[in-house]
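J.: Fold the following for me, if possible:
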Amino acid sequence: AAEPEEIFRDFLSGLPGSVQEEIAGAAGDAEATGELIGAEYLFSLFTEACGDAFAASRTYFLRLLGMVLLFAVLTLFFSEAEEKGLVRVLEMAMSVALCTLLYDTVAADMTRVGSSLEDMRDLSNLLIPAFASLFAAGGSTGTAVAAASGFTAFSLLLENLCVGVLLPLLRVLFGFTLIGVAGGSQRTDGIFRTVRQTYITLLVFLSLLLTASLSFQTVLSASADSLSARSVKFAVGNLIPVIGGSLSDTLRTLTASLTFLRSSIGTFSVLTVLMMLLPTLIGMLIHRFGLSLAASLSGMLGCGRAEKVFTDFRGIYDLSIATLSIVTVLFLLLLSILSKCGLALSGV
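T.: Numbers count the residues shown, from 1 in each chain. The predicted structure follows:
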């Protein structure tokens, strides 16, 4: 009975420092935990992240506007020149310079994406011993194995595909953007879209496969664990009547404690993910919105090359946003599946 409390403390100590400060007062308090998952707190968390992101993006929007206007002025000036070859060279140079100016902001956002995914991987690794120990303490040994294997697979997916493939892939897409705006005759739009669609399709397929596998595995394991627990209770109750009669009440008390701790870990895990990913995700959405406006304004002013640059960088943001969204949904699905699996001792 004392071991699950120690597991819960180890879980809390492994969370990021900023998250620990937010949820420290709610640990072990059912009412305070309920307030953390209430609509009011989640809405305040969302609005705070939006306010911080907009405040940090003012300079970004002004820089984009300045880039568009400067590109438009130079394009109008060069359009009157007689040397068309020189004009094309200057347009290419301007496009490459525009990519360079945008790269610092995009590179910083991509670094934040990588850090967020690594933090989620660390959280997944932290949940492996927590959930496995709680399920095992509740008599659900098969479910404990399923939970550990599910989060292990999720951690490997984050490490190998999201972190290991996404960041190099974004650099490849940036290279295609440079080739497209500087080469002139080279059409890289098709390759750009194919690479993005292939990556997203692979990520979605692996996510669905992991979710379905864990769902079937936990259902079968929970049924087997429940049958084993009932068999043990029946045997003890018939062989030792006095102990068997008092065993059910004791196990119900232990099960209630384990269920609360498991629910608390699941709740704090969801809050941790929201606190880690919301600022990054909202900031990227705002930056993507700025690129969309810049691309539209460039198209209105007749700056085709600038429009392509903004559109391609928007595609890089689309890939990153899709990855964060899919990974977050997958993580929440895994927690939902495990939260629906009752402890084996609860039926005793």
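J.: which stretches of the stretch 1-150 of the chain have low pLDDT?
T.: Counting by pLDDT under 70, the stretch 1-150 of the chain contains low-confidence residues at 1-5, 24-35, 37, 79-87, 137-140, 142.
J.: where do the helices sit along it?
T.: 2-13, 17-23, 30-36, 39-56, 58-79, 84-137, 141-157 (DSSP state H, counting those that start in this stretch).
J.: by how many degrees do the last one and helix 84-137 diverge?
T.: Here helix 141-157 runs at an angle of 160 degrees relative to helix 84-137 (axes from the mean of the first three to the mean of the last three C-alpha atoms, to 10 degrees).
J.: Which other helices and strands does helix 141-157 contact?
T.: Helix 141-157 sits against helix 84-137, helix 189-239, helix 304-339, with contacts defined as 3 or more C-beta pairs under 8 Å, 6 or more residues apart in numbering; DSSP states H and E. Every residue, glycine included, has its C-beta placed from N, CA and C.
J.: Can you lay out those as JSON lines showing distance to residue 267?
T.: As requested, those are exported to JSON lines (distance: least, C-beta to C-beta, whole Å):
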{"stretch": "helix 84-137", "distance to residue 267": "12"}
{"stretch": "helix 189-239", "distance to residue 267": "19"}
{"stretch": "helix 304-339", "distance to residue 267": "9"}
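J.: so which of these gets nearest residue 146?
T.: helix 189-239 (4.4 Å; C-beta to C-beta).
J.: Quick one: mean pLDDT for the closest one?
T.: When pLDDT is averaged over helix 189-239, the result is 70.
J.: Now residue 123. Nearest residue, chain neighbours left out?
T.: Closest residue in space to residue 123, ignoring its immediate chain neighbours: residue 272 at 5.9 Å, by C-beta to C-beta, 6 or more residues apart in numbering.
J.: wait, residue 166
T.: Residue 166 sits nearest to residue 323 (C-beta to C-beta, 6+ apart), 5.7 Å away.
J.: Surely the one you found is in contact with residue 113?
T.: Yes - here residue 323 reaches residue 113: they are 7.3 Å apart, a contact under C-beta atoms under 8 Å.
J.: Residues that sit against both of those two, list them.
T.: Taking C-beta atoms under 8 Å, 6 or more residues apart in numbering as the criterion, residue 323 and residue 113 both touch residue 166.
J.: what's the most buried one of the helices of the stretch 1-150 of the chain?
T.: helix 141-157 (a mean of 21; mean count of other C-beta atoms under 10 Å).
J.: got the helices of the stretch 1-150 of the chain as a markdown table, with distance to residue 319 columns?
T.: A markdown table is the format used below for these (distance: least, C-beta to C-beta, whole Å):
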| stretch | distance to residue 319 |
| --- | --- |
| helix 2-13 | 32 |
| helix 17-23 | 27 |
| helix 30-36 | 32 |
| helix 39-56 | 19 |
| helix 58-79 | 19 |
| helix 84-137 | 10 |
| helix 141-157 | 16 |
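J.: Pretty sure residue 133 sits against residue 144.
T.: Yes - with contact defined as C-beta under 8 Å, residue 133 counts as touching residue 144 (7.5 Å).
J.: Do me a favour and get the end-to-end distance for stretch 21-39?
T.: Chord length of stretch 21-39, first to last residue, is 20 Å (C-alpha to C-alpha, to the nearest Å).
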